[in-house]
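S.K.: From the sequence below, what's the structure:
(one chain, ligands or ions: 2)
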Amino acid sequence: MTSINIKNVSKSYHNYAVLKGLNLDIRDGEFISFLGPSGCGKSTLLFCIAGLEDITSGSILFDGRDITGVSARDRNISLVFQDYALYPHMLVRDNLAFPLRQQKLPEETIRRQIAWAAEMLGLEHVLDRLPAELSGGQRQRVAVGRAIVRNPAALLMDEPLSNLDAGLRVKTRTEIKRLQRELRMTVIFVTHDQEEAMVLSDRIAVMNNGIVQQFAEPMTIYREPANQFVASFIGSPQMNFLPGSRTAGGHGDGRLVGVRPHDLTPLPDAGGTDGFTLTGELALIEPAGPVHYLDVVVGDQIVKATCNDPASLRLGERLTLGAPPNAVYLFDRESGARI
Ligand SMILES: Nc1ncnc2c1ncn2[C@@H]1O[C@H](COP(=O)(O)OP(=O)(O)OP(=O)(O)O)[C@@H](O)[C@H]1O
Ligand SMILES: [Mg+2]
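M.R.: Ligands and ions are numbered 1, 2, ... in the order given. As a prediction, this is how the structure comes out:
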């Protein structure tokens, strides 16, 4: 429905720079996540796009048109927040109707739009209830419904699932994804949950300290992280980082070697890999369903590895781990840049 271009956008609060010259080109109909740790500027950037915050410099374009000076209400953007912010004294149907009544649309149009949104979100049977009579997941769906009934140019969501329990989070995120596909809507989704960003997004903007560290498709970010921050933020358990001097292969001291636990597995006794190897003492075996996680002590460091079948492993024994050459990453120790 709408492409969004963010051009060299900076934002400061009293000389404190929160966003530092960001550039993002979001395509029409894309599902984008802003992912990063608390305080990195995700919500601020979202509010700048919605027009709830002014930017200090740069420009924002919708469909090629500069809307930097346009007020929030004229941007035709919908926002969904973590706390659903439904009107507690209004029935679900009136909550859904609210943005349409504000636009003074005919009641017949409003009725049609409510019926459409309710069907889309499976809310038909709760239309005549109050928000207090709904489950958390239903409340979140009403908030999403209220955001989409008026066909916004884009839907912006700020950690919309963080009040839901784990199971409901997964279910609701699937629904949001389906909805976005059906409506071919441009969605920006703020989260600090890397798995959520991975499964939902066409592309992820990984942010830290008010800077976009990398903007790419989920598997590109996982397999080709731009720097150590991105590599450590994406993937669970976290990537291992070892000083270059500790590993065979002459990686040198100025470098860090990164390898993901899922790429690092015990080698058969005979050894014999042309890839990366590491030897240490097996300290812990953690069953995690499809795989087991292994803690291996190498020098003064605990390295996480994985294996499918731990039957032949003994705690306290020496263990050699190996990873294929293309799963080993090098980073500059000082700057964190990928080498
Ligand atoms: N109105 C404000 N005045 C001054 N500083 C602010 C204001 N709003 C946000 N900040 C600061 O800007 C930085 C970014 O805040 P922001 O809310 O964008 O972070 P976030 O990435 O959304 O974090 P979280 O994951 O915790 O929601 C923080 O350091 C915050 O303290
Ligand atoms: Mg936030």
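
S.K.: Close to ligand 1: what parts of this protein are there?
M.R.: 13, 18, 36, 38-44, 192 (C-beta under 6 Å from any ligand atom). C-beta here means a position set from N, CA and C on the backbone, and glycine is covered the same way.

S.K.: how about 5 Å then?
M.R.: Contact residues (C-beta under 5 Å from any ligand atom) of the chain with ligand 1: 13, 18, 38-44.

S.K.: Please identify which pair of those lies farthest apart.
M.R.: Within the residues of the chain next to ligand 1, Tyr13 and Ser38 form the most distant pair, 16.3 Å apart (C-beta to C-beta).

S.K.: Quick check, central residue of this protein?
M.R.: Centroid-nearest residue in the chain, with C-alpha atoms, centre = their mean: Ala197, separated by 2.7 Å.

S.K.: Mind checking which of Tyr13 and Ser38 has more residues around it?
M.R.: Tyr13 (10 against 7; other C-beta atoms under 10 Å).

S.K.: Wait, a helix at Phe98?
M.R.: Yes - counting by DSSP: H, G, I helix; E, B strand; the rest coil, Phe98 is located in a helix.

S.K.: Just give me the neighbour total for it.
M.R.: 17.

S.K.: any idea how far it is from Arg150?
M.R.: Going from Phe98 to Arg150 by C-beta to C-beta, to the nearest Å gives 10 Å.

S.K.: thinking again about what came up before, now the element after the helix or strand that the residue nearest to the centre of the chain is a member of, going C-ward?
M.R.: Assigned by DSSP states H and E, Ala197 falls within helix 194-200. Past helix 194-200, further along toward the C-terminus, the next helix or strand under DSSP H and E is strand 203-208.

S.K.: Against which helices or strands is that next one packed?
M.R.: If you count contacts as 3 or more C-beta pairs under 8 Å, 6 or more residues apart in numbering; DSSP states H and E, strand 203-208 packs onto strand 31-35, strand 211-216, helix 218-223, helix 228-233.

S.K.: can you state the direction angle for it and strand 31-35?
M.R.: Strand 203-208 runs at 10 degrees relative to strand 31-35, counting by axes from the mean of the first three to the mean of the last three C-alpha atoms, to 10 degrees.

S.K.: So for strand 203-208, what gets flagged as buried?
M.R.: Neighbour-count burial for strand 203-208, counted by 16 or more other C-beta atoms under 10 Å, picks out 203-208.

S.K.: so what's the residue in the stretch 51-200 of the chain positioned nearest to ligand 1 up against?
M.R.: Taking C-beta to the nearest ligand atom as the measure, the stretch 51-200 of the chain has His192 as its residue closest to ligand 1, at 5.0 Å. Neighbouring residues of His192 by C-beta atoms under 8 Å, 6 or more residues apart in numbering: 35-38, 42, 159.

S.K.: Return the closest of these with respect to Ile221.
M.R.: For the contacts of His192, the nearest to Ile221 is Leu35 (8.8 Å; C-beta to C-beta).

S.K.: on that earlier part again, mind giving me the PyMOL select for the residues of the chain next to ligand 1, buried ones only?
M.R.: To isolate the buried ones among the residues of the chain next to ligand 1 in PyMOL, judged by 16+ other C-beta under 10 Å, type:
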select buried, resi 18+40+41+42+43+44
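
S.K.: want to throw the residues of the chain next to ligand 1 into CSV with pLDDT and secondary structure?
M.R.: Shown next, in CSV, are these (pLDDT from 0 to 100; DSSP: H, G, I helix; E, B strand; the rest coil):
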residue, pLDDT, secondary structure
Tyr13, 94, strand
Val18, 97, strand
Ser38, 94, coil
Gly39, 94, coil
Cys40, 96, coil
Gly41, 96, coil
Lys42, 96, helix
Ser43, 95, helix
Thr44, 96, helix
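
S.K.: looking at it, Val212 is touching Leu22, isn't it?
M.R.: Yes - the pair formed by Val212 and Leu22 meets the contact definition of C-beta atoms under 8 Å, at 5.4 Å.

S.K.: Quick one: low-confidence residue ranges for this structure.
M.R.: The model of the chain has pLDDT under 70 over residues 1, 245-252, 269-274.

S.K.: Okay, domains of it per the record?
M.R.: The record's domain parsing of the chain by automatic domain parsing lists 4-226, 240-332.

S.K.: In the stretch 101-250 of the chain, what residue spans correspond to strands?
M.R.: 154-158, 186-191, 203-208, 211-216, 240-243 (DSSP state E, counting those that start in this stretch).
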